[in-house]
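1. Fold the following, please.
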Amino acid sequence: MSMNNSPNVFLEPSPNRFQVNVINESHDNNATPQEDADPPHYEETSFTEEAHGRHRISHRPGTRALYENFLQNGDTVKSDGNLHPYDTHSNTYYLKTFGHNTVDAVPNIDYYRNTGSISGAKMNRPSLLEIHEQLAKNIAVNPGSIERVTNGEGTPGEEATVNKEEESKGGFVKFGWVKGVLVRCMLNIWGVMLFIRLSWIVGQAGIGLGIVVIMLSVVVTTLTGISMSAICTNGVVRGGGAYYLISRSLGPEFGGSIGLIFAFANAVAVAMYVVGFAETVVELLKSSGALMVDESNDIRIIGSITVVVLLGISMAGMEWEAKAQVILLVILLIAIANFFIGTVIPTSNEKKARGFFNYQASIFAENFGPDFRGEGFFSVFAIFFPAATGILAGANISGDLEDPQAAIPKGTMLAILITAVAYLGVAICVAACVVRDATGNTNDTVVSGMNCNGSSACTLGYDFSSCKAQECRYGLMNNFQVMSMVSGFGPLITAGIFSATLSSALASLVSAPKVFQALCKDNIYKALHFFAKGHGKNNEPLRGYVLTFIIAMAFILIAELNTIAPIISNFFLASYALINFSCFHASYAKSPGWRPAFKYYNMWVSLFGAMLCCGVMFVINWWAALITYAIELFLYIYVTYKKPEVNWGSSAQALYYVNALDSALELTAVEDHVKNFRPQCIVLTGGPMTRPALLDITHSFTKNNGLCICCQVYTGPRKLCVKEMNSGMAKKQAWLTKNKRKAFYAAVAADSFRDGVKSLLQASGLGRMRPNTLVLGFKTDWRDASAVQNENYMGVIHDAFDFELGVVIVRISQGFDISQVLQVQEELEKLEQERLALEATIKDNEFEEESHGIRGLFGKARKLNITKHVTKKDSSINTIQSMHVGEFNQRLLEASNQFKKKQGKGTIDVWWLFDDGGLTLLIPYILTMRKKWKDCKLRIFTGGKINRIEDEKLAMTSLLSKFRIKYADIKIIGNINMKPNKESWKFFEEMIEPYRLHESCKDLTTAEKLKRETPWKITDAELEAFKEKSYRQVHLNELLQEHSRAANLIVLSLPVARKGVVSDHLYMAWLEILSKNLPPILLIRGNHKNVLTFYSK
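-> The predicted structure is shown next:
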């Protein structure tokens, strides 16, 4: 590699681009003025042998000191004596790849980060342009940029900046998989159901079906957990839990709808768990005769106090909340252990009378089968299933986990396993120890000689046969406090109930604001953006906590949640269903970006899980399921209608692409048929916003009917053209979408306009969706344009015919190009923004003066200065506005919008002079099918012989009836080939006069010289040869003026100029005279292949 004396700095002017600079590691100040004085220069690097020879460095003991100050491109760089001066890890005086002095970069994770990444700053790799092109020269140095790049820092986004500020306050509190996921999920899954309903469920369903109920619930949660694990490991997971997973997989429509529902469900779940806790406390107060008011009001009072305490714990920070969760888990585990210990402690007579006999095979056998009393399998399942929910507790705080990708799958799946084992263990143990019915009377013992009839209680010495006649208070079927009775120490079970309810309430109280904050940050519902703000070092959603508190308090005051609970369960199940569907959808879309690290999933299993969740929703409560789906559908439609400006690379986008690709491939197998012909147009609009009228008239006959591609050709230096083209591509396609134009935008960079259009004509489209018609505006400035420009314009028409495309040339009186108007509007908008900014500054200064008291004395002068400045600015704005209003071409603006408006009653006059396959007739027919043109009737004009006008009219009538095209009138013009009047012909001659060669008036040598110098001019021989054709064009304008001056639109057969025979200026003169002083006119020429047919096959 060659080395030269010019400083070697690889920079772009923008600080956001990849930049490499020479860093002077010594503290020598001599180099500083040199860098400031002269901008750095570049020269192309060389890989010659000579360069390699000069780069060969040998550190002999005697010469090593020579390289302590290593001279690189004229800058002295002090190298570490123990390391090679090329060692980029220790001496980053320039970035290198494999030891070569090059701007090319090695793979680095920082290049793949998002701009607002929390885990690290984004770096920008060198662009292909920077690597491919020659090294730029005289590029200004941006001080300090290299230190940032070489230290692995990019340009962080606003979010990253905020996060860094928050980190500086004290750092984030992050949880591992145990405390963050496992503990939370276990606490949320183990609820009140474990202690006060599980025994009743086993009594109803029996051990066999009871296990089925539990396992079915576990299957639903396990399948959801597997799907969630796959999604979590397919990229970095941020805060938002279920909302984040669904929205990033299925898009904002599904995510936004389910996110709001899920956040609300968690908020109401807080009330449900708190009311469950309050009811248990009230039962204890009632048994002690210590009620404060009455049962309902006591629930409200205790519930309100409890939720305030829980809110305080939550707002104290995630660290305190996590510590509280651990304490509650310990209590819960002790309570469960207490139950299992109680089952092996020898029972007392009192407990025997209540149905507890320790482990007995006869009781196990008796309780194995079902004994439904007023319930069925699905109703029992519906009661139990809410006990299995809660698997999203860890995912809901994904933003507070150290490594969500590893923590969520591991913690969630282990929590499902542990809780499932606990549920099964408690169910089997309690059913093996306690009979279904017991009187509680210790005197109900078996009398000798009594027939037990297979009753296990009877064989154990107790007679509970009276329970068949009257309802008993004890046993699995009658007593909800069986676990307290069985346990070794009853109050521990009460503590377990308290722990289960409070932990679930606390988890929901944290989950709801976190999910809601993530939803609001994405700004899908703009009215809710207020709740996106976080506070403190952990970005706590305090506003969300307050909102959750208010919702919870509202439902606590109702104190009756039996009708709300099914909806909550259905909301959770709807989330589970969408998580499963997300996994299926992402797999089905076959997106290359779907690469989950968790491999133990299957797309069809996920689909089964989604269907299972939907089924369970209807099993639990069909009307609640319908309400859930109705709310979700409403929110989905709302978000779809609002179209939030987000792009998350969802699987829906991937599937759109796959479906479009499949459809395009299927279409290639379909053979073309004349009945299915539709105009598929390339429209030479340039930027679509600069010629809206040309796009509008084309869109009128292609919308929902054919392909429309707005094309632009960039000419000039390739580098600048490509840069401008790429930067505007998305903006112009977005303009089409915003203005509801069903069209594509395509652009090419070429050496000339004709070359660019030639590329577009050949390469545009896909498969069968290829353009068959070229639409362009009439070149109104052809008389002022250069010969090359006219040649390019005519060449485009010739090329279209060569490629067998139809051609449509559109002309309106004011022309199509409104780029100057757009430029003026843009300037006025900028001035208006400046004015608003100045007004805001004045208001801010006024506020500061009012709020700073004594500073107001100094502020008055400043206010006066600003006011004066603004007054000047306003006056200048008014001057500019008045000046530009005078320049505004109002008629041009009106003309550019004329095809957007509904066309009133009138006619579309079709002058079908030459048979081109029917395109001249088909396009106006399609127009009459459109809403804006439906009041316009077709009038058909065609040429004929004067002595056969009626016969010609009958023939045309028959043809149109066979084509099934409705028309208002047919006119046969018999004098088309007559000479025009003298005034018209004189105008034509005067128009072409500047472009005539007049070689017949000159000697042969001069004439030949003029032909060589100006080959584009119209020769006398050419004019004479095409005199009859010129007469026809001039006379046709006279006929058009006579018959169609009042038409809404004229459609006329386009004359064809033979290549190399008719000069460009003569043809342009024909088009000019044909379309002059007329309503909007379409000059159409098909490719002479049939586009109309009257056959049915």
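2. Backbone dihedrals for the residue nearest to Val181 when sequence neighbours are not counted, please?
-> What sits nearest to Val181 in space, not counting adjacent residues and going by Cβ to Cβ, 6 or more residues apart in numbering, is Gly411, at 2.6 Å. Every C-beta, even on glycine, is put in place using the N, C-alpha and C of the backbone. Dihedral angles of Gly411 (phi, psi; degrees, to the nearest 10) stand at phi -70, psi -40.
3. next one: Pro541
-> Dihedral angles for Pro541 - degrees, to the nearest 10 - are phi -80, psi 70.
4. shouldn't Ala1057 be in contact with Tyr1067?
-> Yes. The criterion here is Cβ atoms under 8 Å, and Ala1057 meets it with Tyr1067 at 4.2 Å.
5. which residues are common contacts for these two?
-> Taking Cβ atoms under 8 Å, 6 or more residues apart in numbering as the contact rule, the neighbours common to Ala1057 and Tyr1067 are Met794.
6. ok so, going back, I'd like to know how many residues surround the residue nearest to Val181.
-> Neighbour count of Gly411, defined by other Cβ atoms under 10 Å: 29.
7. Glu804 too?
-> Neighbour count for Glu804, taken as other Cβ under 10 Å: 11.
8. Assumed it was part of a helix.
-> No. Going by DSSP: H, G, I helix; E, B strand; the rest coil, the assignment for Glu804 is coil, not a helix.
9. tell me the contacts of the nearest residue to Lys1017 once chain neighbours are set aside?
-> Spatial nearest neighbour of Lys1017, chain neighbours left out: Leu997 (4.2 Å); criterion: Cβ to Cβ, 6+ apart. Counting by Cβ under 8 Å, 6+ apart, Leu997 touches 1007, 1010-1011, 1014, 1017-1020.
10. Please report how far Leu997 lies from Met794.
-> 18 Å (Cβ to Cβ, to the nearest Å).
11. Could you do Pro1079 as well?
-> In terms of Cβ to Cβ, Pro1079 sits 25 Å off from Met794.
12. before we move on, what about Ile334?
-> In terms of Cβ to Cβ, Ile334 sits 93 Å off from Met794.
13. try Leu260
-> 60 Å.
14. which residues of the stretch 251-400 of the chain fall in helices?
-> Using DSSP state H, counting those that start in this stretch, the helices found in the stretch 251-400 of the chain span residues 252-288, 295-315, 318-344, 349-353, 361-368, 377-384.
15. Return the item of the contacts of Leu997 having minimum pLDDT.
-> Within the contacts of Leu997, pLDDT reaches its minimum at Ala1007, with 80.
16. if I look at that one, how far off is Ala505?
-> Going from Ala1007 to Ala505 by Cβ to Cβ gives 102 Å.
17. Kindly report the same for Met123.
-> As judged by Cβ to Cβ, Met123 and Ala505 stand 45 Å apart.
18. Would you mind telling me which of the two has the busier surroundings?
-> Ala505 (25 against 21).
19. Would you verify that the more buried one is located in a helix?
-> Yes. According to three-state DSSP, Ala505 belongs to a helix.
20. Hmm, Val309 and it touching each other?
-> No. Look at Ala505 against Val309 with Cβ under 8 Å: they stay out of range, at 10.2 Å.
21. Now the common contact residues for those two.
-> Joint contacts of Ala505 and Val309 (Cβ under 8 Å, 6+ apart) do not exist.
22. Any regions of the stretch 151-300 of the chain where pLDDT drops low?
-> 151-173, 239 (pLDDT under 70).
23. switch to 90 and redo it
-> 151-200, 228-300 (pLDDT under 90).
24. Name the helix or strand of the chain that has the lowest mean pLDDT.
-> Within the chain, no helix or strand scores below helix 145-150, which has a mean of 36 by mean pLDDT, DSSP states H and E.
25. Tell me where this structure has strands.
-> Remark: strands assigned in the chain by DSSP state E are 69-72, 75-78, 681-683, 708-715, 744-750, 773-777, 806-811, 906-911, 936-943, 969-973, 1049-1053, 1081-1085.
26. could those be laid out in CSV, adding mean pLDDT and distance to Gln890?
-> Shown next, in CSV, are those (pLDDT from 0 to 100; distance: least, Cβ to Cβ, whole Å):
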stretch, mean pLDDT, distance to Gln890
strand 69-72, 39, 64
strand 75-78, 39, 62
strand 681-683, 94, 25
strand 708-715, 93, 26
strand 744-750, 93, 28
strand 773-777, 94, 20
strand 806-811, 94, 20
strand 906-911, 94, 23
strand 936-943, 93, 25
strand 969-973, 91, 35
strand 1049-1053, 94, 22
strand 1081-1085, 94, 22
